[in-house]
Structures are given as C-alpha cells and as structure tokens.
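Visitor: sequence first, then the predicted structure:
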Amino acid sequence: MMRLVKCVKLGIETEGLDAPPFPGPKGQEIFEKVSKQAWKEWLAKQTMLINEGKLASFDPKARAFLAEERTKFLFEGNNEMPEGYVPPKA
C-alpha cells in the first residue's frame, strides 16, 4: 500500500518515499516529510549542483554544501540556481 505524506516542499498530500534516503535523523525527517516527487526534484538539482560546481562527493566541504542546499530546497522553498548557471537549450 502506498504511504502518503504531507510534503513540506510541494504543500500537498502525496506518495512518500519507500524508505529513508540515508541513515540518521535527517534521513528520517526527509522520509516523514518529503514526497517521492520532491525527492526526485532534489536529486536532479543535486546532480546539477555537482556538475556545475565540479564537486567531489568525497570532499567534506562539498558534502556540507550539498546538505545545506538540500535543506534550503526541501524545507525552505529556496530553488535558486548557482551563479552563472545557463539552462541547456532545447
């Protein structure tokens, strides 16, 4: 049976994640408050941030930056693009 959550990002009740995206309290909070759709949108933005910023996943500064951006995106409604970002042409 599908699990519903009141998504903090989208502001609607919709399908929740199947499991916490990572261990710990923050992963549990995301599991309880973020929908599959919003998480998918975050993953797309995270990929763009990694590519645009040429970030390395093993770099502690990059990981802290991504965690901060994740909180802004999912919980604070901030969807700003990085400085100098040019969207791809269709």
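Guide: Yep, that arrived.
Visitor: which helix is the longest one in this structure?
Guide: Scanning the chain for the longest helix, with DSSP state H as the assignment, gives helix 36-53.
Visitor: for the record, mean pLDDT for whichever helix or strand comes after that helix?
Guide: Sequence-wise, the next helix or strand downstream of helix 36-53 (DSSP states H and E) is helix 60-75. The pLDDT scores in helix 60-75 average 95.
Visitor: swap in stretch 33-42?
Guide: Mean predicted confidence for stretch 33-42 is 97.
Visitor: show me what counts as buried in that stretch.
Guide: Using 16 or more other CB atoms under 10 Å as the test for burial, stretch 33-42 gives K33, V34, S35, K36, A38, W39, E41, W42. For the C-beta atoms, the positions are set from N, CA and C on the backbone; glycine is no exception.
Visitor: and stretch 15-22, by the same measure?
Guide: Going by neighbour count (16+ other CB under 10 Å), the buried part of stretch 15-22 is G16, L17, P21.
Visitor: may I see those residues organised as a markdown table, with pLDDT, secondary structure and distance to L4 added?
Guide: What follows is these, written out as a markdown table (pLDDT from 0 to 100; DSSP: H, G, I helix; E, B strand; the rest coil; distance: CB to CB, whole Å):
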| residue | pLDDT | secondary structure | distance to L4 |
| --- | --- | --- | --- |
| G16 | 96 | strand | 6 |
| L17 | 96 | coil | 11 |
| P21 | 96 | coil | 17 |
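Visitor: in TSV: those, plus distance to E83.
Guide: Formatted as TSV, the buried residues of stretch 15-22 follow (distance: CB to CB, whole Å):
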residue	distance to E83
G16	33
L17	31
P21	27
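Visitor: before we move on, back to that, and the buried residues of stretch 33-42, which two are the farthest apart?
Guide: Taking CB to CB as the measure, the buried residues of stretch 33-42 span a maximum distance of 14.4 Å, between K33 and E41.
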